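[1] Just to be clear, the model below is a prediction. Sequence and coordinates:
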Amino acid sequence: MPPYSLADPPVLAFIVLPITMAAVFVWGTAMAGGPARRVALNSIVWMGLTQSLAQRGVFLDWNRTPPPFALLVATICILAVVIAFGKVGTRLAHLPLWMLVAAQAFRLPLEIAMHALVGRGIMPEQMSYSGRNFDALTGASAIVVAALVAAGVGGRKLVAAWNVAGLCLLVNIVVVAILSMPKFAVFGADRLNVFVFYPPFVWLPAVLVLAALAGHLIVTRALSIRQA
């Protein structure tokens with residue numbers, strides 16, 4: 001892992017974007033009449049815990065069974081389901097569809113920051129849009145789809161198609177990221193995904209992937225509610 005500075009804009013993005021998305025989550029919960037204070041506290045605890053574990057080098061240990069990072073991935077998936085299908089997700093699903101779609105626009109600046117990390121030798125190329133990551137399309141299209149829905153031009157079918165496509169692109173990059181880890185090294189020993197084991201990059205999976213996955217599940221619930 002090459003040295004990096006938190007003052008470097010692409011690195012700083014991995015602090016700004018997670019905090020922004022946590023704030024959006026709290027704001028959305030408040031807008032939906034949910035327990036915003038509890039959500040804010042839980043978000044702070046989760047971000048603090050994952051950051052602390054990364055600082056202590058816990059995720060670098062691949063000799064344990066299962067590896068700590070694998071437990072983090074499993075926890076992220078569980079949290080996404082709990083958030084989306086719990087009481088908070090139920091409230092969020094009643095927000096306007098365009099808001100739920102627009103929330104996923106963060107994936108565009110995220111992908112730009114990730115691409116910049118490749119040039120700094122921090123992240124392997126296959127995880128950027130110059131490699132096998134096409135998730136920037138989700139972020140860019142979220143802006144367009146949200147605008148169309150807000151204007152009354154787009155409807156359920158447009159959002160449903162966008163949601164499925166975005167979820168598929170998310171799964172794609174998550175698979176690429178996992179296969180790039182030291183345990184698998186599918187793309188070569190010189191193209192490993194190890195940067196997510198360090199702060200602040202651990203918030204990429206712990207916060208941003210969580211936000212993306214939970215967001216798609218909430219949109220799915222929102223579409224189901226409107227169909228009924």
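    Yep, that arrived. From a predicted model like this one, the values you see are computed outputs, not experimental measurements.

[2] per-residue confidence for Ala93?
    Looking at Ala93, its pLDDT is 97.

[3] distance of it from Val81?
    From Ala93 over to Val81 the distance is 14 Å, taken as Cβ to Cβ, to the nearest Å. C-beta here means a position set from N, CA and C on the backbone, and glycine is covered the same way.

[4] now do Pro199
    Taking Cβ to Cβ, one finds Pro199 at 26 Å from Val81.

[5] Show me the shaky parts of this protein.
    Applying pLDDT under 70 to the chain flags the ranges 228.

[6] 80 - rerun?
    Along the chain, segments meeting pLDDT under 80 span 227-228.

[7] If we ignore the residues flanking it in sequence, what's nearest Ala105?
    Excluding its sequence neighbours, the residue lying closest to Ala105 (Cβ to Cβ, 6 or more residues apart in numbering) is Ala142, at 4.5 Å.

[8] do Val24 as well
    Ala103 (5.9 Å).

[9] so that neighbour touches Ala23, yeah?
    No: between Ala103 and Ala23 there is no contact under Cβ atoms under 8 Å: 11.3 Å.

[10] Quickly list what's touching both of these two.
    Shared contacts of Ala103 and Ala23, defined by Cβ atoms under 8 Å, 6 or more residues apart in numbering, are absent.

[11] Compare neighbour counts for the two and give me the winner.
    Set Ala103 next to Ala23 and count neighbours by other Cβ atoms under 10 Å: Ala103 wins out with 23 against 12.

[12] give me every residue that touches that one.
    Met21, Val24, Gly28, Ala142, Ala211, Gly215.

[13] ok, the residue nearest to Val24 to Ala22 distance?
    Distance, Ala103 to Ala22, using Cβ to Cβ: 12 Å.

[14] Sort out for me which of the contacts of Ala103 are in helices.
    The helices, defined by DSSP state H, take in Met21, Val24, Gly28, Ala142, Ala211, Gly215 from the contacts of Ala103.

[15] which pair in those residues spans the largest distance?
    Using Cβ to Cβ, the two most remote members of the ones in helices among the contacts of Ala103 are Gly28 and Ala142, lying 14.8 Å apart.
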